[in-house]
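[1] quick one, fold the following:
(one chain, ligands or ions: 2)
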Amino acid sequence: MKLSEIKNGNLSAEWAEKGYELPQFDIEAVKAKTHAEPTWVHFGAGNIFRAFPAAILNDALNTGKYDRGVIVAESFDYEIIDKAYRPYDNMSLLVCLKSTGEIEKKVVASVTESLKADYSFGEDWARLVEIFQKPSLQMISFTITEKGYGVAPADLERGLTPVLAMGKVTALLYERFKAGKLPLTVQSMDNCSHNGDKVKNAVHAYAAKWVEQGLVPAEFLAYVQDETKITFPWSMIDKITPRPDAKVQQMLADDGFEDNYTIVTEKHTFTAPFVNAEETQYLCIEDHYTNGRPPLELGGVLYCDRETVDKIEKMKVCTCLNPLHTAMSIYGCMLGYTLISAEMADEDLRAFIQKIGYIEAMPVVVDPGVLNPYEFIGAVINRRLPNPFMPDAPQRIATDTSQKLAIRFGETIKAYEARGLDKSNLILIPLVLAGYARYLKGIDDNGQAFEPSTDPLLAELQAIVAPLEVKEGEQDFSCLKKLYSRVDVFGVDLYAVGLGEKIEAMAKELFAGPGAVRKTLHKYTLAR
Ligand SMILES: NC(=O)c1ccc[n+]([C@@H]2O[C@H](COP(=O)([O-])OP(=O)(O)OC[C@H]3O[C@@H](n4cnc5c(N)ncnc54)[C@H](O)[C@@H]3O)[C@@H](O)[C@H]2O)c1
Ligand SMILES: O=P(O)(O)OC[C@@H](O)[C@@H](O)[C@H](O)[C@H](O)CO
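    Numbers count the residues shown, from 1 in each chain. Ligands and ions are numbered 1, 2, ... in the order given. Next comes the predicted model:
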């Protein structure tokens, strides 16, 4: 069984026998219609895109009530397109690993084109320009990680040929402006707080700079700022999607599914013609579109107002899921774990995240109404994270931790401040942050070196903790001041909010030789 058979319609009986769900729509007709009148371009050809946005569009197409696919654009890691999309005619296999042990396998054929979003790929860039000039285009969306929204001063100086994702998107919006100031919605689907504002601020920054440099007319800035033309809605996305896993790959091989290998690109993206994910999924989007939108409610998207999205996002990203993920990943890497479900069988770690969620973060959560925070966190702790069939790893979650601490913990600290709550009740959140300094050291709790996950600030932050050693006895911890005062990393100056000294004291305990991580984790978790 190969994905290419599906395109040819030359299917062997095995697909059905082995329980593979195939597209119910005319793939070639959808492709042709999308090529002529595209509605949706998605930036970021990573795993979550295939497991979730592309899969719900596939579901919508299966209903027969919609006829347009999605075009994927990759602005950062072009190898994904060459190795995981084009050889498979942009199709993929979604393997859903339910907590009951049941496995669903679904061929996703909703991606009709894959393009490399850079000027150096002349033909692909020209096609993107053509798509952005089409009146039919309704939305562009993103899953490019939080760092993908960065605006570097050097890139602003590059004029109309920037190299960063947001600059390229702004250049494409300029093409749309020149084509008649056509409307469009710019939709982030990343795990960042107020994600729509992240894109908006970046696009506005490029547009303003180009106006200042005389490269574009002032009307272009007015166009991207005009909410009747361009909107940047907020969203909350939730579906745990680990990297392609060897056991899933083997299971597919045993089925006779031949497109079953995994690829690690030079830029360290883990990709494959298949993607493995959990069954739970939520995508809540602020319904603020200027040119219509694909009917993703047919695939289960919940459209609501901005206030509701904000509350749902705070609940998930700041309280009930992502902080727990980051806490257990920082400690999981130091304690030698490579599986999230195995960590959930560790009493210290399970109690650690349970108490962070229920005791320390919940007091500041706002009930969004449409989803209940207690039911949500209950499902996370009791069903989703312990799912033994999910191959998720703390090392994946620890990627880019420096970009996530501010939203995952800083927001809770700020809420304690804003509401005048007693910050001495914060014990395990400071322990997470203290654990980060120990994690940066790259030495596990047995005293062995481990490789911290990739992170744009890794080298810089590791240099701060370089003077520290994992050993018993006295040492000078004053270097930690340089770490815990970093507002860019923690969202607050932890000394200014009265937590810096407490975190330093915990860090001292964590650095006190092999075994100190377990001992300190156990001590504070038990006492909480
Ligand atoms: N995997 C999940 O469980 C999950 C769940 C919900 C939300 N998300 C969101 O989706 C994002 C991506 O997750 P994924 O599983 O697809 O990861 P992935 O590693 O499979 O893919 C990452 C994607 O982001 C792109 N990218 C990375 N750095 C970039 C940069 N500096 N500029 C532009 N593009 C860049 C990569 O090229 C790739 O397309 C996450 O950071 C998160 O915000 C992921
Ligand atoms: O995707 P990131 O890197 O922002 O965060 C890692 C995980 O916490 C995240 O991917 C979760 O699996 C996801 O947010 C679940 O919906």
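
[2] just for the stretch 351-500 of the chain, where's the confidence low?
    Across the stretch 351-500 of the chain, nothing is flagged by pLDDT under 70.

[3] burial measure for whichever residue of it sits closest to ligand 2, as a count.
    The minimum distance from the stretch 351-500 of the chain to ligand 2, using CB to the nearest ligand atom, falls at residue 397 (4.4 Å). For glycine as for every other residue, the C-beta is placed from the backbone atoms N, C-alpha and C. Neighbours of residue 397 under the rule other CB atoms under 10 Å: 24.

[4] does it touch residue 327 like I think?
    No. With contacts counted by CB atoms under 8 Å, residue 397 stays clear of residue 327, the gap being 9.8 Å.

[5] show me the contacts for the closest residue to the residue of the stretch 351-500 of the chain closest to ligand 2 other than its chain neighbours.
    Sequence neighbours aside, residue 329 is the residue nearest to residue 397 in space, at 3.9 Å (criterion: CB to CB, 6 or more residues apart in numbering). Contacts here follow CB atoms under 8 Å, 6 or more residues apart in numbering; on that basis residue 329 touches 340, 394-395, 397-398, 401.

[6] in a helix, residue 329, correct?
    Yes. With DSSP: H, G, I helix; E, B strand; the rest coil as the criterion, residue 329 is part of a helix.

[7] 824 is where my numbering starts, stick with that
    Got it, first residue is 824 now, which makes that one residue 1152.

[8] pretty sure residue 1179 is touching residue 1253, no?
    No. Counting by CB under 8 Å, residue 1179 sits too far from residue 1253 to count as a contact (10.6 Å).

[9] quick one: the nearest residue to residue 1123 once chain neighbours are set aside from residue 918, how far?
    What sits nearest to residue 1123 in space, not counting adjacent residues and going by CB to CB, 6+ apart, is residue 879, at 5.9 Å. Shown here: residue 879 relative to residue 918, a distance of 16 Å by CB to CB, to the nearest Å.

[10] now do the helices in the stretch 974-1123 of the chain.
    All helices of the stretch 974-1123 of the chain, identified by DSSP state H, counting those that start in this stretch, fall at 976-979, 988-1001, 1018-1035, 1041-1048, 1069-1078.

[11] can you check the stretch 1124-1273 of the chain too?
    Using DSSP H, counting those that start in this stretch, the helices of the stretch 1124-1273 of the chain run over 1129-1136, 1145-1157, 1163-1166, 1170-1178, 1196-1202, 1217-1220, 1224-1228, 1234-1242, 1251-1263.

[12] to residue 983, which of these lies closest?
    Using CB to CB as the measure, helix 1224-1228 is the one of those that comes nearest residue 983, at 27.6 Å.

[13] quick check, that closest one touching ligand 1?
    No. Helix 1224-1228 stays out of contact with ligand 1 when judged by CB under 6 Å from any ligand atom, the minimum separation being 8.6 Å.

[14] any idea which of the helices of the stretch 974-1123 of the chain is most buried?
    Each of those was given a mean neighbour count from mean count of other CB atoms under 10 Å, and the largest, a mean of 23, is that of helix 988-1001.

[15] which strands or helices does it pack on?
    Of the remaining helices and strands, those touching helix 988-1001 by 3 or more CB pairs under 8 Å, 6 or more residues apart in numbering; DSSP states H and E are helix 945-955, strand 962-965, strand 1007-1011, helix 1018-1035, helix 1041-1048.

[16] how is this protein partitioned into domains?
    For the chain, the domain assignment from automatic domain parsing gives the residue ranges 826-1127, 1132-1350.

[17] for the helix or strand containing residue 1311, which positions count as buried?
    The secondary structure element spanning residue 1311 is helix 1310-1313 (assigned by DSSP states H and E). Of the residues in helix 1310-1313, those buried under the neighbour-count criterion (16 or more other CB atoms under 10 Å) are 1312-1313.

[18] and stretch 1051-1059, by the same measure?
    Taking 16+ other CB under 10 Å as the neighbour-count basis, stretch 1051-1059 is seen to contain the buried residues 1052-1059.

[19] try stretch 1097-1112
    Neighbour counts using 16+ other CB under 10 Å place 1097-1112 of stretch 1097-1112 among the buried residues.

[20] which outside residues touch the helix holding residue 1311?
    The set of residues that contact helix 1310-1313 without belonging to it, under CB under 8 Å, 6+ apart, is 1225, 1228-1229, 1232-1233, 1236, 1256, 1280, 1284, 1306-1307, 1316.

[21] most neighbours out of these, which is it?
    Ranked by the number of neighbours (other CB under 10 Å), these place residue 1232 first, at 28 neighbours.

[22] residues from this structure in reach of ligand 1?
    Proximity of the chain to ligand 1 (CB under 6 Å from any ligand atom) is limited to residues 867-872, 897-900, 903, 966-968, 970-971, 988, 1013-1014, 1060-1064, 1092.

[23] can you narrow these to ones near ligand 2?
    Among these, the residues that sit close to ligand 2 (CB under 6 Å from any ligand atom) are 1014, 1061-1063.

[24] tell me which of the residues you listed is nearest to ligand 1?
    Compare each of these with ligand 1 using CB to the nearest ligand atom and the shortest gap goes to residue 1014, at 3.5 Å.

[25] just the buried positions in stretch 1180-1192, please.
    1180-1181, 1183-1185, 1187-1188, 1191.

[26] ok, back up a step: which of the buried residues of stretch 1097-1112 sit farthest apart?
    When the buried residues of stretch 1097-1112 are compared pair by pair using CB to CB, the two farthest from each other are 1097 and 1111, 34.3 Å apart.

[27] how about residue 1327, nearest residue that isn't a chain neighbour?
    With CB to CB, 6+ apart, the residue lying closest to residue 1327 is residue 1303, at 5.1 Å.

[28] count the neighbours of that neighbour for me.
    Neighbouring residues of residue 1303 were enumerated by other CB under 10 Å; the total is 23.

[29] so which bits of the stretch 1174-1323 of the chain are right by ligand 2?
    Taking CB under 6 Å from any ligand atom as the criterion, the stretch 1174-1323 of the chain approaches ligand 2 at residues 1220, 1222-1223.

[30] from the stretch 1124-1273 of the chain, which residue is nearest to ligand 2?
    With distances taken as CB to the nearest ligand atom, the stretch 1124-1273 of the chain approaches ligand 2 most closely at residue 1148, which sits 3.8 Å away.

[31] alright, calling it a day.
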